[in-house]
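*Asks:* A structural model of the following input is requested.
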Amino acid sequence: MALTLRVANVNLGFESCSRSSFVSLNSSTSRSFVFRCSQVQQLSITQESENSLMEALVGIQGRGRSSSSPNQLNAIDRAIQVLESLGGVSDPTNSSLIEGRWQLIFTTRPGTASPIQRTFVGVDFFSVFQEVYLRTNDPRVCNIVSFSDAIGELKVEAAASIKDGKRILFRFDRAAFSFKFLPFKVPYPVPFKLLGDEAKGWLDTTYLSHSGNLRISRGNKGTTFVLQKQTQPRQKLLTAISSGVRVREAIDELISLNKKSEDKEPELEEGEWQMIWNSQTVTDSWLENAANGLMGKQIVGKNGRIKYVVDILLGLKFSMAGNFVKSGPKVYEVTMDDAAIIGGPFGYPLEFGKKFILEILSSDEKVRISRGDNGIIFVHIRTDASR
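*Replies:* Modelled structure (predicted):
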């Protein structure tokens with residue numbers, strides 16, 4: 001029996017489902033075709049939702065210790081709930097994708113968090129990992145705090161077992177510091193055997209991506225974790241800036257990657273951009289720092305308008321406005337000629353003028369890397385909701 005089927009337009013590189021065309025299929029082929037199109041649409045929705053979560057995490061410090069606003073935490077929570085509702089890999093604890101070393105990129109921090117979480121997780125200088133190995137003769141879940149490549153790490157291990165398709169049961173039983181400068185391990189001074197039920201817990205994997213690179217888990221103490229196997233270059237840069245370690249390496253990696261993937265040159269895009277890092281140490285003069293763009297927010301407007309806004313103290317702001325003109329590939333001439341100290345509805349004008357060249361080295365919808373006068377490198381993150 002032949003069946004004429006109208007299908008929605010989806011073109012994601014897997015197969016084409018055209019809204020305007022009709023295809024004649026027998027009943028068994030039509031069911032297979034509709035199922036494949038449904039799979040493609042589901043993958044598209046899932047990928048968009050994963051991207052939404054990663055976008056919402058931009059600018060988070062201390063893996064959740066602080067954020068730019070309550071709205072950001074709400075956006076993260078919504079993105080997590082969407083992914084959990086989509087489900088990802090079914091029965092994740094029975095999938096080989098859960099195995100391996102995961103880096104913690106975000107966690108909620110309720111008061112019931114463990115001493116290790118309270119002590120180490122919120123410190124950007126440390127990297128935090130979780131290893132999951134369930135298909136061995138000694139299944140284990142291990143939490144690892146890496147202090148640095150030169151110093152070493154703390155590894156807290158737990159014997160693990162699978163309860164069902166989502167839940168892992170564990171019991172902490174040993175922990176030790178491994179320092180690079182010592183030929184032996186230093187035991188972590190916690191008597192796990194004496195802790196009884198306090199050493200036990202469970203971990204539910206509420207979302208595991210089909211790529212095996214993103215995992216969301218919830219623990220028995222009410223904590224939510226977001227983990228990645230391979231941290232994206234942009235996330236690496238933000239982590240490096242937070243910790244102050246290997247920032248230039250992370251910048252070079254992101255610029256190099258974007259050069260290879262760019263189908264058009266980066267531009268000075270409209271929006272509000274917060275300066276989070278620069279390669280020049282600030283001076284004692286806040287006015288000089290503000291004038292050089294070393295602090296505060298940059299607002300790129302329409303028709304070549306640009307403004308810098310710096311919070312000073314007690315509700316006072318320094319505002320500097322001007323124009324920019326594109327003078328070459330990725331290069332802009334910026335002229336600032338209107339400055340004032342702003343306090344509420346009042347402003348005190350300042351005699352001020354400055355011209356400089358700004359080169360856009362890398363830019364996407366969330367993070368921009370640029371180079372100004374004297375070779376100063378700037379990293380800005382978008383803080384408005386325009387993207």
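*Asks:* From Leu238, how far out is the residue nearest to Gly375 when sequence neighbours are not counted?
*Replies:* Nearest non-adjacent residue to Gly375, counting by Cβ to Cβ, 6 or more residues apart in numbering: Ser279, 7.7 Å away. Where you see a C-beta, it was placed from the backbone N, CA and C, and this is true even at glycine. Ser279 sits 16 Å away from Leu238, going by Cβ to Cβ, to the nearest Å.
*Asks:* more crowded one of the two?
*Replies:* Neighbour count, other Cβ atoms under 10 Å: between Ser279 and Leu238, Leu238 has more, with 25 against 16.
*Asks:* That one: what's it in contact with?
*Replies:* Val58, Gly59, Ile60, Ile276, Val367, Ile381 (Cβ atoms under 8 Å, 6 or more residues apart in numbering).
*Asks:* want to throw those residues into JSON lines with secondary structure and neighbour count?
*Replies:* Listed next are the contacts of Leu238 as JSON lines, based on DSSP: H, G, I helix; E, B strand; the rest coil; neighbours: other Cβ atoms under 10 Å:
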{"residue": "Val58", "secondary structure": "coil", "neighbour count": "18"}
{"residue": "Gly59", "secondary structure": "coil", "neighbour count": "20"}
{"residue": "Ile60", "secondary structure": "coil", "neighbour count": "22"}
{"residue": "Ile276", "secondary structure": "strand", "neighbour count": "18"}
{"residue": "Val367", "secondary structure": "strand", "neighbour count": "22"}
{"residue": "Ile381", "secondary structure": "strand", "neighbour count": "19"}
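*Asks:* With Ile377 as the reference, measure out to Ser327.
*Replies:* According to Cβ to Cβ, Ser327 and Ile377 sit 19 Å apart.
*Asks:* And those two? Which one has more around it.
*Replies:* Higher neighbour count among Ser327 and Ile377: Ile377, with 18 against 11, using other Cβ under 10 Å.
*Asks:* Report the contact partners of the nearest residue to the more buried one once chain neighbours are set aside.
*Replies:* Among residues not flanking Ile377 along the chain, Ser279 sits closest, at 4.2 Å (Cβ to Cβ, 6+ apart). The neighbourhood of Ser279, defined by Cβ under 8 Å, 6+ apart, consists of Arg248, Gly375, Ile376, Ile377, Phe378.
*Asks:* What distance do you get for the second one to Leu361?
*Replies:* Distance, Gly375 to Leu361, using Cβ to Cβ: 11 Å.
*Asks:* One more: Leu195?
*Replies:* Here the criterion is Cβ to Cβ. By it, Leu195 lies 51 Å from Leu361.
*Asks:* do the same with Ile144
*Replies:* Taken as Cβ to Cβ, the span from Ile144 to Leu361 is 34 Å.
*Asks:* Tell me which residues are up against stretch 343-360.
*Replies:* By Cβ under 8 Å, 6+ apart, stretch 343-360 touches 265-268, 291, 315-317, 319-320, 322, 324, 327, 330-342, 368-373.
*Asks:* Just the buried residues of those residues.
*Replies:* Those of those that meet the buried threshold are 266, 268, 291, 317, 319-320, 322, 324, 330, 332, 334, 336, 339-340, 368-372, by 16 or more other Cβ atoms under 10 Å.
*Asks:* Quick one: mark the members of these that sit in helices.
*Replies:* Ala291 (DSSP state H).
*Asks:* Report the contact partners of the closest residue to Tyr133 other than its chain neighbours.
*Replies:* Ranked by Cβ to Cβ, 6+ apart and with sequence neighbours excluded, the top spatial neighbour of Tyr133 is Arg140, at 5.5 Å. By Cβ under 8 Å, 6+ apart, Arg140 lies in contact with Glu131, Tyr133, Glu157, Ala158, Ala159, Ala160.
*Asks:* For the third one, report the pLDDT, please.
*Replies:* It stands for Glu157. Predicted confidence (pLDDT) at Glu157: the value is 94.
*Asks:* Quick one: neighbours of it, just the number.
*Replies:* 21.
*Asks:* and it, what does it touch?
*Replies:* Contact partners of Glu157, counting by Cβ under 8 Å, 6+ apart, are Arg140, Val141, Cys142, Phe172, Asp173, Arg174, Ala175.
*Asks:* for the second one, same thing?
*Replies:* Contact analysis of Tyr133 by Cβ under 8 Å, 6+ apart lists Glu99, Gly100, Pro139, Arg140, Val141.
*Asks:* which of those are buried?
*Replies:* Taking 16+ other Cβ under 10 Å as the criterion, what is buried in the contacts of Tyr133 is Pro139, Arg140, Val141.
*Asks:* how about those in JSON lines, adding pLDDT and distance to Ile299?
*Replies:* Shown next, in JSON lines, are those (pLDDT from 0 to 100; distance: Cβ to Cβ, whole Å):
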{"residue": "Pro139", "pLDDT": "93", "distance to Ile299": "53"}
{"residue": "Arg140", "pLDDT": "94", "distance to Ile299": "50"}
{"residue": "Val141", "pLDDT": "95", "distance to Ile299": "46"}
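*Asks:* Let's have those residues in TSV, adding secondary structure and distance to Asp91.
*Replies:* Listed next are the buried ones among the contacts of Tyr133 as TSV, based on DSSP: H, G, I helix; E, B strand; the rest coil; distance: Cβ to Cβ, whole Å:
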residue	secondary structure	distance to Asp91
Pro139	coil	16
Arg140	strand	20
Val141	strand	17
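*Asks:* now, which of those residues sits nearest Gly296?
*Replies:* Gly296 lies nearest to Val141 out of those, by Cβ to Cβ, at 43.6 Å.
*Asks:* Please look at that closest one and Ala158 and confirm they touch.
*Replies:* Yes: if you go by Cβ atoms under 8 Å, Val141 and Ala158 touch, sitting 5.0 Å apart.
*Asks:* Now the common contact residues for those two.
*Replies:* Residues touching both Val141 and Ala158 (Cβ under 8 Å, 6+ apart): Phe170.
*Asks:* quick one on the thing from earlier: could you check which of Leu195 and Leu361 has the larger neighbour count?
*Replies:* Ranked by neighbour count (other Cβ under 10 Å), Leu195 and Leu361 place Leu361 first, with 19 against 12.
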